[in-house]
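Student: Give the three-dimensional model of this entry:
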Amino acid sequence: MQGELAPGAVLPSERQLIAQYGTTKATAGKAIAFLVSEGLVTTEFGRGTFVRRRPPLRRVSAARRHAAHRDTGKPVFDVGAIEQGRVPSRRILFVGRAPLPANAAHWLRASPGDEAVVRRRLQFLDDEPVVVSASYYPLWLAADTRLESPDALPEGPDELIESLGHTFFRGVEVFSALMPTPEETELLNLHAGVPVMHMWDVDYDKDGRAAAGRSRRLRGRQARVHLRVERRRHSAMTSEWPANWAERISGEACEMCQSKRLDEDTYGIRIFETADVDAVLQRADIQRGYTLVIWRGRHVVEPFELSELEAQAYWKATLMVAKALATFYRLLKMNYETLGNTVPHLHTHLLPRFIEDPAPGRPFPLLPQSGNESQIDPAQLASDVAALRALLG
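Tutor: Predicted coordinates for the structure are as follows:
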């Protein structure tokens, strides 16, 4: 338990443990049984109990997966194994069309029972089984392609999908620890009490469609996951209101009143306009589809300062833009944040929420833009703008 015995080392026998620690046979037996149940040791009949030999499988997260297969032309599993000095191999268990189970349908944003192309395989490292993997591909992407071939794909399915003209835009990974099914226990050659790590990873294209969903069951004690997290830096938050707050409230120092109504500026590109409202899709890579709806009539701080006709115009435009964003990005939920704590002029932040989200189930962690945020790819932004403008007429 403390790392004093190297992998492959033999544990003291029950008799030796009793003599060394002055304990009973029952206690020594329970201690060894506990180590077996935790997957730390294995018992071989007639030989003794040994510390597990196998080094862990290190699973690289989605932050690097696609870069790895593009650079090497090999499946992601093989790339990671070779980097770690291991020898990868696989056995195909099933390839064909089959109904989606409920959990796969959830991640693929489909209905349980919808037909998909399924590839199921057992993956090995140094001839030891380590992963039971099942990949699910929607028919709009996989039908009549080599993804339906019963043979192994030397370049890997991700490389094949990109060669068909599809692009992985974003992904999500979800992990849980489970006890294995009887089939998984047999396939992975597991001992009693050894859990499996269950990992779902799903890739979405630029249109928000689920292009691939993968369920992997890894030996629980054999798996490590390396995550690379990129954190955005924001300007320092202040502990007091701006010194010219009165001028901002009055409109005398209002940035939005003073700014020109342009189709493009440093913050974003306008996707919709009326006589008194602009909607600007933001350039900052804070959340895909993040849009600012701005009141462009007279200076107004609070929505209740609008006349009835002005309120109808503002909220009608806001809801039209929100509906277009929801349609295009296929989001889970839209958030409407009418704040104005830095710029006290009526505007609403429309924030799409997705499965892969920085704060699922909680308010979006939106902070004032510093101007140093990473930017959405210009070509992608232009494509989104064109599509949203078409939806909004």
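
Student: Averaged pLDDT, stretch 100-116. What do you get?
Tutor: In this model, stretch 100-116 has a mean pLDDT of 87.

Student: Kindly check the end-to-end length of it for me.
Tutor: 6 Å (C-alpha to C-alpha, to the nearest Å).

Student: chain center to that stretch, what's the gap?
Tutor: From the chain centre to the centre of stretch 100-116 is a distance of 18 Å (C-alpha atoms, centre = their mean, to the nearest Å).

Student: Same check on stretch 131-151?
Tutor: With C-alpha atoms, centre = their mean, you get 21 Å for stretch 131-151.

Student: Name the residues of it that are buried.
Tutor: For stretch 131-151, burial by neighbour count (16 or more other C-beta atoms under 10 Å) applies to 131, 132, 133, 134, 135, 136, 137, 138, 141, 142, 147, 148. From N, CA and C alone the C-beta is placed, and that goes for glycine too.

Student: Out of the residues you listed, list just those in helices.
Tutor: Within these, residues falling in helices by DSSP state H are 141, 142.

Student: Out of the buried residues of stretch 131-151, the closest to residue 105 would be?
Tutor: Residue 105 lies nearest to residue 136 out of the buried residues of stretch 131-151, by C-beta to C-beta, at 8.8 Å.

Student: So in terms of bridging, what pairs with the closest one?
Tutor: residue 118, residue 213 (DSSP bridges).

Student: what do you get for residue 334?
Tutor: Bridge pairing for residue 334 - DSSP bridges - gives residue 352.

Student: Quick check: it vs residue 319, distance?
Tutor: Per C-beta to C-beta, to the nearest Å, residue 334 is found 10 Å from residue 319.

Student: ok, back up a step: can you tell me which of the buried residues of stretch 131-151 is closest to residue 186?
Tutor: Nearest member of these to residue 186, counting by C-beta to C-beta, is residue 132, at 10.2 Å.

Student: Mind listing the residues bridging to that closest one?
Tutor: Judged by DSSP bridges, the bridge partners of residue 132 are residue 122, residue 217.

Student: Counting neighbours, go ahead and name the busier of residue 334 and residue 319.
Tutor: residue 334 (17 against 14; other C-beta atoms under 10 Å).

Student: What ranges does the stretch 151-300 of the chain have for its strands?
Tutor: In the stretch 151-300 of the chain, the strands defined using DSSP state E, counting those that start in this stretch lie at 170-178, 196-204, 210-219, 223-226, 268-273, 277-282, 291-295.

Student: Give me the helices and strands touching the longest one, please.
Tutor: Contacts defined by 3 or more C-beta pairs under 8 Å, 6 or more residues apart in numbering; DSSP states H and E place strand 210-219 against strand 57-60, helix 102-107, strand 128-138, helix 157-163, strand 196-204.

Student: Please produce TSV containing the ones you listed, extended by distance to residue 367.
Tutor: Below are the helices and strands packed on strand 210-219 laid out as TSV (distance: least, C-beta to C-beta, whole Å):
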stretch	distance to residue 367
strand 57-60	30
helix 102-107	30
strand 128-138	36
helix 157-163	34
strand 196-204	25
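
Student: which stretch among the ones you listed comes nearest residue 43?
Tutor: Comparing the helices and strands packed on strand 210-219 under C-beta to C-beta, the one sitting nearest is strand 128-138, at 17.8 Å.

Student: got the angle for the closest one vs strand 210-219?
Tutor: Counting by axes from the mean of the first three to the mean of the last three C-alpha atoms, to 10 degrees, strand 128-138 lies at 160 degrees to strand 210-219.

Student: now the angle between strand 196-204 and strand 128-138, please.
Tutor: Using the same axes, to 10 degrees: strand 128-138 against strand 196-204 is 30 degrees.

Student: and residue 92, which of the strands of the stretch 151-300 of the chain is closest to it?
Tutor: Among these, strand 210-219 comes nearest to residue 92, with 15.0 Å by C-beta to C-beta.

Student: chain center to that closest one, what's the gap?
Tutor: That offset, for strand 210-219, works out to 12 Å (C-alpha atoms, centre = their mean).

Student: what does stretch 121-134 give?
Tutor: Mean C-alpha position of stretch 121-134 versus that of the full chain (C-alpha atoms, centre = their mean) differs by 23 Å.

Student: Give me the distance between the two termini of that stretch.
Tutor: 7 Å.

Student: Which residues in that stretch does the neighbour count mark as buried?
Tutor: Per 16+ other C-beta under 10 Å, stretch 121-134 contains these buried residues: 121, 122, 123, 124, 125, 128, 129, 130, 131, 132, 133, 134.

Student: which residues does the second one contact?
Tutor: By C-beta atoms under 8 Å, 6 or more residues apart in numbering, the contact list for residue 122 reads 90, 91, 93, 129, 131, 132, 133, 187.

Student: Settle this for me: residue 110 is touching residue 103, isn't it.
Tutor: No - checked against C-beta atoms under 8 Å, the pair residue 110 and residue 103 is beyond contact range at 11.3 Å.

Student: what about those two, which has more around it?
Tutor: residue 110 (18 against 14).

Student: How much space separates residue 266 from residue 325?
Tutor: Separation of residue 266 from residue 325 (C-beta to C-beta): 21 Å.

Student: Please identify which of these two sits among more neighbours.
Tutor: Set side by side, residue 266 and residue 325 show more neighbours around residue 325, with 26 against 9, by other C-beta under 10 Å.
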